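Q: coordinates only, no sequence provided:
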Ligand SMILES: Cc1cc2nc3c(=O)[nH]c(=O)nc-3n(C[C@H](O)[C@H](O)[C@H](O)COP(=O)(O)OP(=O)(O)OC[C@H]3O[C@@H](n4cnc5c(N)ncnc54)[C@H](O)[C@@H]3O)c2cc1C
């Protein structure tokens with residue numbers, strides 16, 4: 001099977017690596033951008049495609065796009081996207097800082113198509129990564145194997161493949177076709193018959209569970225829904241205020257990184273409910289109105305069961321039997337359902353792809369430096385960067401859009417500094433207008 005070599009390979013074409021592609025074109029020497037490739041396992045570029053619901057909105061300002069906080073004059077801004085699709089005036093007229101999720105998704109696709117030199121290839125799934133060493137044991141390249149049997153070697157590797165979905169262990173013995181994680185919501189619901197009166201359970205008490213609960217009422221209008229939550233009731237994200245929001249600034253990353261371990265722990269704990277375990281006030285209001293209208297109209301097709309611990313799950317014939325333990329009384333009951341929807345979020349530890357790579361490096365602990373470069377044992381002339389999985393060292397905003405533009409600059413500048421001796425004389429570090437870069441037949445997005 002074929003092996004290709006590029007200077008920089010970025011795995012995943014989500015916001016993190018698309019912001020990187022933009023930074024490479026704007027900040028890097030042309031030779032680096034020309035020899036950079038982003039691979040994406042999806043057939044299209046879509047943002048959070050599992051929950052790409054028509055009414056769902058982004059939770060951060062449109063100004064926290066892939067580039068504006070780093071370079072407000074960039075042609076890759078969300079505003080320029082709006083202008084190019086003819087919606088700038090109506091977006092302004094909406095009077096909202098938070099775009100629909102669907103338009104962020106389209107913006108990402110527009111950025112990928114607008115790249116001049118960095119290539120984006122779709123339908124390419126990375127299966128594994130391992131280091132290549134020379135005779136002295138120095139790591140000189142990364143070998144990335146793809147699902148199509150080919151492989152790519154690169155001196156620089158940037159992993160921005162998101163996080164792994166969390167499926168609670170109680171579902172280990174339950175067939176996959178009965179258990180749907182929020183990351184699969186849209187594609188799996190599309191396979192179901194909208195007319196059937198499914199009995200479904202939604203698990204989890206945060207935003208993704210709430211969005212599925214709401215969407216199911218339209219997508220499977222005859223279904224009977226039980227929403228199982230561990231807490232006593234639903235809660236909003238901790239109220240937005242400008243002081244806590246400052247802790248999502250890219251400039252806060254330094255302050256967080258420099259903190260001692262106890263300090264980082266305290267900050268993450270204090271900020272937890274600003275980003276996790278909550279629901280947006282707007283969605284809570286819609287949900288409550290839905291329950292109220294059911295009371296008004298005498299309908300009984302949905303309910304919330306609070307203080308419920310899911311203690312076991314098994315399949316009996318065509319049903320899933322969920323064992324629920326009431327956290328108030330300790331009473332155990334059984335609930336029979338056809339389908340379970342998991343709004344259980346993501347695994348806290350590093351994604352399996354990164355853990356498997358770390359095992360090939362003999363790493364006990366996976367850590368990155370301030371510029372997101374993986375700390376590897378022994379000598380290396382190759383470098384690997386991790387995006388979006390460094391909350392423990394870089395703060396709560398690490399998995400969010402809030403920092404992608406500046407993080408992309410940190411990584412790009414680290415790579416430029418690292419390759420400097422080999423490429424002396426190349427232009428470096430200045431902001432280039434992407435239009436001035438040479439266009440090649442391979443440039444831009446390859447479907
Ligand atoms: C439903 C939902 C809503 C969200 N809303 C917001 C919000 O409003 N604001 C905000 O700031 N953050 C939000 N987030 C957080 C979200 O993580 C970030 O916005 C952002 O998507 C992170 O970008 P990323 O590129 O690091 O990862 P992702 O967006 O997850 O992108 C990773 C990409 O890598 C691809 N990929 C994965 N594995 C492989 C592989 N092995 N080979 C090749 N490609 C691969 C995936 O297909 C995907 O395209 C939301 C998250 C979810 C789940």
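A: Sure thing, it's come through. It should be emphasised that the depicted structure is a prediction, and the values quoted were computed from it without experimental measurement.
Q: make it CA atoms for all contacts and neighbour counts henceforth
A: Will do.
Q: phi, psi for residue 269 please.
A: Main-chain torsions, residue 269, degrees, to the nearest 10: phi -60, psi -50.
Q: again, but for the one 10 residues further on
A: The main-chain torsion angles of residue 279 are listed as degrees, to the nearest 10 and equal phi -130, psi 150.
Q: can you tell me who it pairs with across the strands?
A: Beta-bridge pairing for residue 279 (DSSP bridges): residue 236.
Q: what sits against the residue nearest the centre of the chain?
A: Of all residues in the chain, the one closest to the mean position by Cα atoms, centre = their mean is residue 162, 4.3 Å from it. Counting by Cα atoms under 8 Å, 6 or more residues apart in numbering, residue 162 touches 12, 14, 351, 388-389.
Q: farthest-apart pair in those, please.
A: 14 and 351 (15.3 Å; Cα to Cα).
Q: between these two, which one's more packed in?
A: Neighbours per residue (other Cα atoms under 10 Å) separate residue 14 from residue 351, with residue 14 holding more: 21 against 16.
Q: re earlier: you'd agree the residue nearest to the centre of the chain is in a helix?
A: No. Per DSSP: H, G, I helix; E, B strand; the rest coil, residue 162 lies outside any helix segment and is coil.
Q: next one: residue 38 from the ligand, what distance?
A: 9 Å (Cα to the nearest ligand atom, to the nearest Å).
Q: and that residue, backbone torsions?
A: phi -110, psi 130.
Q: from memory it sits against residue 13, does it?
A: Yes. Taking Cα atoms under 8 Å as the definition, residue 38 is a contact partner of residue 13 at 6.4 Å.
Q: which neighbours do those two have in common?
A: The contact lists of residue 38 and residue 13 share residue 120, where a contact means Cα under 8 Å, 6+ apart.
Q: number of residues surrounding residue 92?
A: Residue 92: 12 surrounding residues under other Cα under 10 Å.
Q: need the next SSE after the host helix or strand of it, C-terminal direction.
A: Element membership of residue 92, judged by DSSP states H and E, is helix 88-94. Counting by DSSP H and E, the next helix or strand C-terminal to helix 88-94 is helix 101-114.
Q: now that next one: buried residues?
A: 101-105, 107-112, 114 (16 or more other Cα atoms under 10 Å).
Q: restricted to helices, list the contacts of residue 162.
A: Nothing among the contacts of residue 162 maps onto helices, per DSSP state H.
Q: contacts with the ligand among those, please.
A: Checking those against the ligand by Cα under 6 Å from any ligand atom, the ones in range are 12, 14, 388.
Q: distance to residue 226 and pLDDT added to the residues you listed, as TSV?
A: Formatted as TSV, these follow (distance: Cα to Cα, whole Å; pLDDT from 0 to 100):
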residue	distance to residue 226	pLDDT
12	35	98
14	33	98
388	33	98
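Q: who in the stretch 51-200 of the chain is up against the ligand?
A: Residues of the stretch 51-200 of the chain lying near the ligand (Cα under 6 Å from any ligand atom): 51, 58-60, 124-127, 160-162.
Q: for ChimeraX, what selects the buried ones among these?
A: Filtering those down to the buried ones (16+ other Cα under 10 Å) takes a single ChimeraX command:
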select :51,124,125,126,160,161,162
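Q: indicate the residue of the stretch 251-400 of the chain located nearest to the ligand.
A: Here the stretch 251-400 of the chain gets closest to the ligand at one residue, residue 400, 3.6 Å apart by Cα to the nearest ligand atom.
Q: can you report phi and psi for the closest residue to that residue other than its chain neighbours?
A: Among residues not flanking residue 400 along the chain, residue 388 sits closest, at 7.3 Å (Cα to Cα, 6 or more residues apart in numbering). With angles defined as degrees, to the nearest 10, residue 388 sits at phi 80, psi 0.
Q: so residue 18 belongs to a strand, correct?
A: No. Residue 18 is assigned helix when assessed by three-state DSSP, not a strand.
Q: reformat the contacts of residue 162 as TSV; add distance to residue 360.
A: Shown next, in TSV, are the contacts of residue 162 (distance: Cα to Cα, whole Å):
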residue	distance to residue 360
12	21
14	26
351	15
388	21
389	19
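Q: and which of the residues you listed is nearest residue 220?
A: Nearest to residue 220 among these is residue 14, at 29.3 Å by Cα to Cα.
Q: settle this for me: the closest one is touching residue 163, isn't it.
A: No. When contacts are counted by Cα under 8 Å, residue 14 is not listed as touching residue 163 (11.5 Å).
Q: confidence score at residue 1?
A: Per-residue confidence at residue 1 stands at 70 (pLDDT).
Q: ignore the last one, residue 301
A: pLDDT, read off for residue 301, is 89.
Q: can you check the one 10 residues further on too?
A: The predicted local confidence for residue 311 comes out at a pLDDT of 97.
Q: burial check on it, number of neighbours?
A: 13.
Q: and residue 300, by the same measure?
A: 11.
Q: now do the SS call for the residue lying closest to it once chain neighbours are set aside.
A: Of all residues not flanking residue 300 in the chain, residue 294 sits nearest, at 6.7 Å (Cα to Cα, 6+ apart). Using three-state DSSP, the structure places residue 294 in helix.
Q: what count of nearby residues applies to residue 294?
A: 14.
Q: which stretches of the stretch 151-300 of the chain form helices?
A: 185-190, 207-219, 242-246, 252-258, 261-275, 281-297 (DSSP state H, counting those that start in this stretch).
Q: okay if I get the ones you listed as CSV plus mean pLDDT?
A: Shown next, in CSV, are the helices of the stretch 151-300 of the chain (pLDDT from 0 to 100):
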stretch, mean pLDDT
helix 185-190, 98
helix 207-219, 98
helix 242-246, 92
helix 252-258, 98
helix 261-275, 95
helix 281-297, 96
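Q: which one of those lies closest to residue 65?
A: Among the helices of the stretch 151-300 of the chain, helix 242-246 sits nearest to residue 65 (Cα to Cα), with 16.2 Å.
Q: how distant is stretch 122-133 from the center of its chain?
A: 19 Å (Cα atoms, centre = their mean, to the nearest Å).
Q: just the buried residues of helix 101-114 now: which is nearest the ligand?
A: Using Cα to the nearest ligand atom, residue 101 comes nearest to the ligand of the buried residues of helix 101-114, at 7.2 Å.
Q: isn't the closest one up against residue 53?
A: Yes. With contact defined as Cα under 8 Å, residue 101 reaches residue 53; the gap is 7.5 Å.
Q: test my guess that residue 337 contacts residue 321.
A: Yes. Counting by Cα under 8 Å, residue 337 does reach residue 321; the two are 6.5 Å apart.
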